[in-house]
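> Got a predicted model here, sequence first, then my questions.
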Amino acid sequence: MKKLLLGFLLSLTVSGAAYAAQAHTNTGCGLGTMLFQNKADNSIALQVLQATTNGSFGSQTFGISSGTSECQQPGKIAQNEKLNEFVRANMDNLAKEIAMGKGETLDTFVEMLGVNPAQGDAYKSSLQANFNNIFTSDKIVLAEVIDNAVAITR
């Protein structure tokens, strides 16, 4: 039985070494990956240790959302935060310019939404035509404005 167990553990170690380049892919990013990534023995056990450390400390989740711990923050998160801040700071101007169908604030808003520049004027016209569907009340919050604007067919 001991020989069987020893053989199994040896095969895990050998197969883990064969997939050493895959370790970072398997465990992603985070504290565990950073602490244990440069070890010569990149076995399954080491990858489990990396993943367990990442999960125990929540560093992988935090790293992904903040762009730290060798994680890359998804572009949409950063873009959405900038868009939210922009709309928060310019809500009144944005409402006026959507109603008019033109203006610098509206131009920036459309660009931040990722609208193709060739379709920008048509999209601004669609926003203007659907003003009441975007600004549905006087007490509307920025997330609803963004969601409503995105829902308008570009």
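Looks like it came in fine.

> Model confidence at residue 57, what's the number?
The confidence metric pLDDT takes the value 66 at residue 57.

> Now do the same contact list for residue 95.
Applying C-beta atoms under 8 Å, 6 or more residues apart in numbering, one finds that residue 95 lies in contact with residue 135. For the C-beta atoms, the positions are set from N, CA and C on the backbone; glycine is no exception.

> So it, which state does it fall into?
Three-state assignment for residue 95 (DSSP: H, G, I helix; E, B strand; the rest coil): helix.

> Could you chop the chain up by domain?
Residue ranges for the domains of the chain, per automatic domain parsing: 2-66, 75-151.

> ranking these by mean pLDDT, which is last?
Across these, domain 2-66 gives the lowest mean pLDDT, at a mean of 60.

> My guess is residue 108 contacts residue 86. True?
Yes. Contact criterion C-beta atoms under 8 Å: residue 108 and residue 86 qualify, at 6.7 Å.

> In the one helix or strand residue 86 maps to, which residues are buried?
Secondary structure from DSSP states H and E places residue 86 in helix 75-100. By 16 or more other C-beta atoms under 10 Å, the buried positions in helix 75-100 come out as 83, 86-87, 90-91, 94-95, 97-98.

> Next SSE downstream of the helix or strand hosting residue 133?
Counting by DSSP H and E, the element that carries residue 133 is helix 131-134. Once the chain leaves helix 131-134, the next helix or strand it forms, by DSSP H and E, is helix 142-151.

> Show me what counts as buried in that following helix.
142, 145-146, 148-149.

> Generate JSON lines for these, with distance to residue 135 as supplementary columns.
JSON lines is the format used below for the buried residues of helix 142-151 (distance: C-beta to C-beta, whole Å):
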{"residue": "142", "distance to residue 135": "11"}
{"residue": "145", "distance to residue 135": "7"}
{"residue": "146", "distance to residue 135": "12"}
{"residue": "148", "distance to residue 135": "8"}
{"residue": "149", "distance to residue 135": "10"}
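
> nearest to residue 121, of those?
Using C-beta to C-beta, residue 149 is the member of the buried residues of helix 142-151 that lies nearest residue 121, at 15.5 Å.

> wait, isn't the closest one in contact with residue 115?
No. Using C-beta under 8 Å, residue 149 makes no contact with residue 115, being 10.0 Å away.
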